[in-house]
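K.L.:
Sequence unavailable; structure follows:
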């Protein structure tokens, strides 16, 4: 009888095949999430564009935001020190768009509470308006109100006592002589008060006609333009204030700085131009949005650069606040020293070429002709208002 062979292996026998262990499934590793570049596309709705780039609003609106003030480290430190030393009259000058007003408003939020601030954004047309200005600042003090300008010094001396008042007087170049003279009177007769007078560089010419005030100015602070690093800092700070990462315009920093000359107002303008161009065209935020002709070298701007020009060069530079052709420039010059108008135009072309080489003037196409204009950094210095 054939015996059946039991091929099954019982538990515990030496040649028993081990039971298969249940396999442990490795967890699936998720790929790290990488922020995708915003997909730019043409849009007539700014909110759609801002949503795509994750901004809550346009960071580059021309408004004064003291909390976003950047740059001018040494000038702002000097201004605070001069106020803490309680100097009577301090002069702050700078071209249009250089940040004077923003610095003044930042100052009022940056000095401790032992100081009181009065911001006068527009000069009064006549001295009597100071009565309303101080009555509004200090309403119903001891149930008394100032009735005329001659009561102001005594009123302030009683009101201030040990507290120090800092008057921030902006747009001083628009003041008439009578108003400036009353500022001088107040600086003399009010004990605990400093006056920061801010204006365009042309204001210094006005001071030459008011020697009494000029001699009381113990310090002058000049604002010209931001450095490239400060320009970058300003752009990033504004973007972050709108909810962005801050680096969205990194590819444009060089061209914005070159084209703006580092003037805060021009920086904001060029940033806004780039955003609007991206909205209209759907192109990404690269320098091609702004580049027409980038200056080869960064321009070092001085408030006194006009003094280094010849009389004819200076006359031409002052004309080119508005774009003009060489012929239009010649028409506005005294042609008596030239043999003919043709010689004058030829001379203008040579001078314009030299000014372009020095980075003061640029040539742009306007319809069918080329016109010459000041680069933004120089235009901000030359403009009178």
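P.N.:
Looks like it came in fine. Source: prediction; values computed, not measured. Numbering: from 1, shown residues only.

K.L.:
quick one: contacts for the residue nearest the centre of the chain?
P.N.:
In the chain, the C-alpha nearest the mean C-alpha coordinate belongs to residue 264, at 1.8 Å (C-alpha atoms, centre = their mean). Contact partners of residue 264, counting by C-beta atoms under 8 Å, 6 or more residues apart in numbering, are 71, 97-99, 102, 226, 234. (Each C-beta comes from the backbone N, C-alpha and C, glycine too.)

K.L.:
quick one: which of these sit in helices?
P.N.:
Under the assignment DSSP state H, these contribute 102, 234 to helices.

K.L.:
Highest neighbour count among the contacts of residue 264?
P.N.:
residue 98 (30 neighbours; other C-beta atoms under 10 Å).

K.L.:
Just give the nearest non-adjacent residue to that residue, would you?
P.N.:
residue 223 (4.4 Å; C-beta to C-beta, 6 or more residues apart in numbering).

K.L.:
ok, now which ones touch the one you found?
P.N.:
With C-beta under 8 Å, 6+ apart, residue 223 has these contacts: 72, 75, 92-95, 98-100, 103.

K.L.:
cool, residue 72 as well?
P.N.:
Contacts of residue 72 (C-beta under 8 Å, 6+ apart): 99, 103, 223, 226, 230.

K.L.:
Show the low-confidence segments of the protein, by residue range.
P.N.:
Within the chain, the segments meeting pLDDT under 70 span 1-43, 141-143, 291-308, 335-339, 367-368, 383-385.

K.L.:
just checking, what packs against the helix or strand hosting residue 257?
P.N.:
Element membership of residue 257 [criterion: DSSP states H and E] is helix 253-260. The contact analysis (3 or more C-beta pairs under 8 Å, 6 or more residues apart in numbering; DSSP states H and E) places helix 253-260 against helix 228-241, helix 264-281, helix 376-382.

K.L.:
what's in contact with the first one?
P.N.:
Residues external to helix 228-241 that are found in contact with it (C-beta under 8 Å, 6+ apart): 55, 59-60, 65, 68, 70-72, 226, 245-249, 253-254, 256-257, 260, 262, 264, 267-268, 271, 298.

K.L.:
which one of the contacts of residue 72 sits closest to residue 377?
P.N.:
residue 226 (10.7 Å; C-beta to C-beta).

K.L.:
I figured that closest one hits residue 267, correct?
P.N.:
Yes - counting by C-beta atoms under 8 Å, residue 226 does reach residue 267; the two are 7.3 Å apart.

K.L.:
Include distance to residue 316 when you put the helices and strands packed on helix 253-260 into JSON lines, please.
P.N.:
Listed next are the helices and strands packed on helix 253-260 as JSON lines, based on distance: least, C-beta to C-beta, whole Å:
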{"stretch": "helix 228-241", "distance to residue 316": "29"}
{"stretch": "helix 264-281", "distance to residue 316": "22"}
{"stretch": "helix 376-382", "distance to residue 316": "11"}
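
K.L.:
and of those, who's closest to residue 178?
P.N.:
Smallest distance to residue 178 across the helices and strands packed on helix 253-260 (C-beta to C-beta): 28.3 Å, for helix 376-382.

K.L.:
Just name whatever secondary elements the closest one is in contact with.
P.N.:
helix 253-260, helix 264-281, helix 311-319.

K.L.:
from those, which stretch is densest packed?
P.N.:
helix 253-260 (a mean of 22; mean count of other C-beta atoms under 10 Å).

K.L.:
Just want the angle from it to helix 264-281.
P.N.:
120 degrees (axes from the mean of the first three to the mean of the last three C-alpha atoms, to 10 degrees).

K.L.:
Could you give the separation of helix 253-260 from the chain centroid?
P.N.:
Centre-to-centre, helix 253-260 and its host chain are 13 Å apart (C-alpha atoms, centre = their mean, to the nearest Å).

K.L.:
go on, stretch 99-111?
P.N.:
Using C-alpha atoms, centre = their mean, the offset of stretch 99-111 from its chain centre is 13 Å.

K.L.:
residues in contact with that stretch?
P.N.:
Residues from elsewhere that reach stretch 99-111, judged by C-beta under 8 Å, 6+ apart: 64-67, 69, 71-72, 75-76, 79-80, 83-84, 92-94, 117, 119, 121, 166, 168, 170, 196, 198-199, 223, 226, 264-265.

K.L.:
Pull out the buried residues from that stretch.
P.N.:
By 16 or more other C-beta atoms under 10 Å, the buried positions in stretch 99-111 come out as 99-107, 111.

K.L.:
now stretch 59-79
P.N.:
59-60, 69-72, 75-76, 79.

K.L.:
Would you agree residue 201 falls within a helix?
P.N.:
No - under the criterion used here (DSSP: H, G, I helix; E, B strand; the rest coil), residue 201 is coil, not part of a helix.

K.L.:
got the contact list for it?
P.N.:
Counting by C-beta under 8 Å, 6+ apart, residue 201 has contacts 93-95, 303, 381.

K.L.:
follow-up on the earlier one: can you list the buried residues of stretch 59-79 in JSON lines and add distance to residue 309?
P.N.:
Below are the buried residues of stretch 59-79 laid out as JSON lines (distance: C-beta to C-beta, whole Å):
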{"residue": "59", "distance to residue 309": "37"}
{"residue": "60", "distance to residue 309": "33"}
{"residue": "69", "distance to residue 309": "33"}
{"residue": "70", "distance to residue 309": "32"}
{"residue": "71", "distance to residue 309": "27"}
{"residue": "72", "distance to residue 309": "26"}
{"residue": "75", "distance to residue 309": "26"}
{"residue": "76", "distance to residue 309": "31"}
{"residue": "79", "distance to residue 309": "30"}
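
K.L.:
Closest one of these to residue 214?
P.N.:
residue 79 (19.1 Å).

K.L.:
ok, and what's touching the strand or helix carrying residue 133?
P.N.:
Assigned by DSSP H and E, residue 133 belongs to helix 129-137. With C-beta under 8 Å, 6+ apart as the test, helix 129-137 has contacts from 118, 120, 124, 145-149, 152, 155-156, 182, 186.

K.L.:
my read is residue 363 is in a strand, agree?
P.N.:
Yes - using three-state DSSP, the assignment for residue 363 is a strand.

K.L.:
That'll do, ta.
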